[in-house]
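>>> Any chance you could fold what I've pasted below:
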Amino acid sequence: MSLSLPAPSTTEPVRCPHFGPCGGCTSLDLPYGEEVRAKEEKLRTAFSRHEALARAPILPILGATEPLLYRNSIKVPFGWSREGMVAGFFERRSHHIVDLETCLIQHPKLTALLLATKQIAMQLKIAIHDPASGRGILRHLVARIGEGTGEMLAGLVVQAQGYGKIRGLALKLMEKLGKEGLVGVVQNIHADDEDHAILGPETLPLAGRAYLDENSDGLKMRTSLQSFVQVNAAQAHVLYGEVLRLLDGSFHAQGRPNLEGKRIVDLFCGVGPIALRAARAGALVEGIEYSEDAVRSARFAAKHNGLESRVAFHAGDATQHLDKLSAKGPIDAVVVDPPRRGLSEKLIASLIASSTKQVVYVSCDPFTFARDLTLLSERFEIAVVRPIDLFPRTLHLETVALLRRP
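Numbering: from 1, shown residues only. Here you go, the predicted model:
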């Protein structure tokens, strides 16, 4: 199916044959300008519930230049219907799968990969896993596109390893899409039907490579299928630029921030996009991340970008590492970028008790963000808040704030 896409600056809604039932996006029926205004209002509503945030200075939201076809990762389940095999996003508030033919927020190469995977799986008569009966093998397709390189890595989430048809699917995908940038297909083993996470604990190669080479704002990186990266590379650059400006104290100015000599701790650092940029700007950075896989990727990037003398990455608990690092001497700033559930009370207590002069808080949920800022305002002043639309055409909103000790 071919679609004529409007320019991103249009004031008209966008039409998609799946919109409505499909839970992949929520806002195609709104002009984009109305969507970003609604998101900024959502943030203000979240803040209005907390007296301590009543006077928080909120800067204008930074909308996306391109609010369509931006998602660089895909995670979709397989299933069966009366018409045969289906693959796509769940309907809203349902476990019924909308069988995708196209997607207006997903990168077109990932949509093509999904359609090819379903077609080949049908040809090979691969059984889809049914949690109710325990039968079948194929669960999900998970895939990403590497920033700056266009490389594509696909993962087949399966009930158990060793099925010849799954390897056959991987080989046929490489044959079909290798010239389109597919560099590898892996299998992720997820045997526990009580675990509702998409990925299981073990990932094994099937064909080609098990990693992506990426180039993010001049930084060479190597990531795996398990690596967390922002799904919107263009808006992630906007976010990271805002974080560095806040660390530099120059949030009303443009240009390259100067963090020379500052001691910064980056909690929940992932594969290191903020820590590496801060180190490149002159800071001495300690990155803390629970995932050992992410830490390996971050260390690879530090080495291959000549930043090993300025940044170190550690796997472990954020609170424990912050306490140890704070005990070693004054910290100029702590960056926190937690999951949607926000910060634990224990970590908030450690931030308040720490030696840090300021906190830069990156959040993907306005309501847990407002809750945590209220608790942190016991010892920190909120200097500035900036909403950024990293997830156009959905309800989600990213926000970053600078907190300073008075």
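
>>> What's the per-residue pLDDT of R55 here?
On pLDDT, R55 comes in at 91.

>>> Roughly how far does it sit from L343?
Counting by CB to CB, to the nearest Å, the separation of R55 from L343 is 22 Å. The C-beta positions use only the backbone N, C-alpha and C, and glycine is treated the same way.

>>> out of the two, which sits in the more crowded spot?
L343 (26 against 8; other CB atoms under 10 Å).

>>> what's the closest non-adjacent residue to that one?
D372 (4.9 Å; CB to CB, 6 or more residues apart in numbering).

>>> now swap in K125 and tell me
K165 (7.6 Å).

>>> Buried ones in the helix or strand the one you found falls within, by neighbour count?
Element membership for K165 (DSSP states H and E) is helix 164-177. Neighbour-count burial for helix 164-177, counted by 16 or more other CB atoms under 10 Å, picks out 166-170, 172-174, 176-177.

>>> out of those, who's nearest T149?
Nearest to T149 among these is L177, at 15.2 Å by CB to CB.

>>> how about I58, what does it touch?
40, 43-44, 47, 385-387 (CB atoms under 8 Å, 6 or more residues apart in numbering).

>>> please redo it, this time with the cut-off set to 7 Å
43-44, 385 (CB atoms under 7 Å, 6 or more residues apart in numbering).

>>> Please apply the same query to T117.
141, 173.

>>> and it, what helix or strand is that in?
helix 108-123.

>>> just K39 next, same as before
Counting by DSSP H and E, K39 is found in helix 32-48.

>>> And for the helix or strand following that helix, what's in contact with it?
Sequence-wise, the next helix or strand downstream of helix 32-48 (DSSP H and E) is strand 73-81. The contact list for strand 73-81, computed with CB under 7 Å, 6+ apart, reads 85-89, 97, 99, 106, 110, 114, 128, 138-144, 198, 231.

>>> What segments of the stretch 301-406 of the chain are helices?
318-327, 345-353, 366-376 (DSSP state H, counting those that start in this stretch).

>>> could you give the angle of the longest one to helix 32-48?
To tie it back to what came earlier, the one meant is helix 366-376. 40 degrees (axes from the mean of the first three to the mean of the last three CA atoms, to 10 degrees).

>>> again, but for the second one
Following the same axes, to 10 degrees, one obtains 80 degrees for the angle between helix 345-353 and helix 32-48.

>>> One more: the first one?
Here helix 318-327 runs at 70 degrees with respect to helix 32-48, directions being taken by the same axes, to 10 degrees.

>>> Tell me how confident the model is about helix 318-327, as a mean pLDDT.
Mean per-residue pLDDT for helix 318-327: 96.

>>> other SSEs contacting that helix?
strand 263-267, strand 284-289, helix 345-353 (3 or more CB pairs under 7 Å, 6 or more residues apart in numbering; DSSP states H and E).

>>> Out of these, which gets nearest to Q187?
strand 284-289 (24.7 Å).

>>> which residues touch the closest one?
Everything outside strand 284-289 that qualifies as a contact, by CB under 7 Å, 6+ apart, is 263-270, 272, 275, 278-279, 295, 298, 310-316, 318, 321, 325.

>>> Then stretch 309-318?
Contacts of stretch 309-318 (CB under 7 Å, 6+ apart): 267-269, 272, 275-276, 279, 283-290, 292, 295, 298-299, 302, 321, 347.

>>> In that stretch, which residues are buried?
Quick answer for stretch 309-318 (16+ other CB under 10 Å): 310-315, 318.

>>> What is the end-to-end distance of it?
22 Å (CA to CA, to the nearest Å).

>>> With stretch 40-55 instead?
Using CA to CA, first and last residues of stretch 40-55 are 15 Å apart.

>>> Repeat that for stretch 132-143.
26 Å.

>>> pLDDT weak spots in the stretch 1-150 of the chain?
Applying pLDDT under 70 to the stretch 1-150 of the chain flags the ranges 1-13.

>>> again, 50 this time
Low-confidence segments of the stretch 1-150 of the chain (pLDDT under 50): 1-10.
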